[in-house]
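> I would like to see how this sequence folds:
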Amino acid sequence: MSHLTYKPHIGKNYGNSELGKLLIIGDSHYFNNGLPNNLSEFTVEKIKELRIISANFYDKVDAVLNQGGKHDIWDKIAFANAIQKPFASADQKPTKEDLDVAKLAFREYLDMTKPEKVIVFSSRIWEHCFNKSGWGKHLDKIDDRWNIRELEYIGGTCKAIGLHHPSTPGFDKSKFKNIVAQFLNSLSLNHL
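Residues are numbered from 1 along each chain as shown. Purely as a prediction, here's the structure:
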């Protein structure tokens, strides 16, 4: 049974760029002007709009990952938000049930996109999924702070790291750009 409300965005060059198969997991979508007619396509449509609109989360992720022009990165990656319930505002808090469904959705996104590496830009999603045993194994840390895990999905494994959401107070784009570069460029996590 699918736990997905939102289909993931899969860039046209996903798996065919210097980033390989990189999946970005965000937190949630929120709608303060009513719900769109088709929630399933919302993530895909939102990414299509990025060249003509400004959106804080996407702009900051773009700045941390960017290797070219503004928003070119989205053609090279897959992206999905873990929480499957539409929120009314950015400060809405998920319930335990919302987080449990998000964990199941995260697993489905892995099975669908079969990534090599995953960056989770949400501490609450990361901590809900991995602050207990049972999923993946701890591999290493970057800067003695940012845990890296190996996750399994149908047909493979990937390396994953969890970082703060870009709207977190004090989110430092240059600091996280460095952490992401270390994560993406690491061939062997034992050398971090």
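> so where do the strands sit in this structure?
9-10, 22-26, 78-81, 117-121, 137-142, 146-153, 156-163 (DSSP state E).
> now the residue nearest to Gly20 when sequence neighbours are not counted: how far from Ala88?
Nearest residue to Gly20, sequence neighbours excluded (C-beta to C-beta, 6 or more residues apart in numbering): Glu116, at 4.6 Å. For every residue, glycine as well, the C-beta is placed using N, CA and C. In this structure, Glu116 and Ala88 are 35 Å apart, going by C-beta to C-beta, to the nearest Å.
> Would you pull up how far the lowest-mean-pLDDT helix or strand in the chain lies from the middle of the chain?
Lowest mean confidence among the helices and strands of the chain (mean pLDDT, DSSP states H and E): helix 56-65, at a mean of 87. Computed by C-alpha atoms, centre = their mean, to the nearest Å, the chain-centroid distance of helix 56-65 equals 12 Å.
> and the residue nearest to Gly20, what does it touch?
Gly20, Lys21, Leu22, Cys158, Lys159 (C-beta atoms under 8 Å, 6 or more residues apart in numbering).
> Let's see that with 7 Å instead.
Counting by C-beta atoms under 7 Å, 6 or more residues apart in numbering, Glu116 touches Gly20, Lys21, Cys158.
> do Val61 as well
So Val61 contacts Ile24, Phe121, Pro166 (C-beta under 7 Å, 6+ apart).
> Nearest to Leu151 among the contacts of Glu116?
Of all the contacts of Glu116, Leu151 sits closest to Cys158, with 5.5 Å by C-beta to C-beta.
> okay, now that closest one: neighbour count?
If you count neighbours by other C-beta atoms under 10 Å, Cys158 ends up with 21.
> Could you do Phe31 as well?
Residues lying near Phe31 (other C-beta under 10 Å) number 13.
> what's the spacing between it and Tyr14?
Distance from Phe31 to Tyr14, by C-beta to C-beta: 26 Å.
> Please name the spatially closest residue to the spatially most central residue of the chain (chain neighbours excluded).
In the chain, the residue lying closest to the centroid (C-alpha atoms, centre = their mean) is Ile25, at 1.5 Å. Excluding its sequence neighbours, the residue lying closest to Ile25 (C-beta to C-beta, 6+ apart) is Val120, at 4.5 Å.
> Next one, pLDDT for the one you found please.
Val120 carries a pLDDT score of 97 in this model.
> which residues sit in contact with Phe106?
With C-beta under 7 Å, 6+ apart, Phe106 has these contacts: Ile25, Ala82, Cys129.
> still on that earlier bit, let's have the strands of the chain in a markdown table, adding distance to Lys103.
Listed next are those as a markdown table, based on distance: least, C-beta to C-beta, whole Å:
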| stretch | distance to Lys103 |
| --- | --- |
| strand 9-10 | 20 |
| strand 22-26 | 11 |
| strand 78-81 | 13 |
| strand 117-121 | 11 |
| strand 137-142 | 17 |
| strand 146-153 | 12 |
| strand 156-163 | 13 |
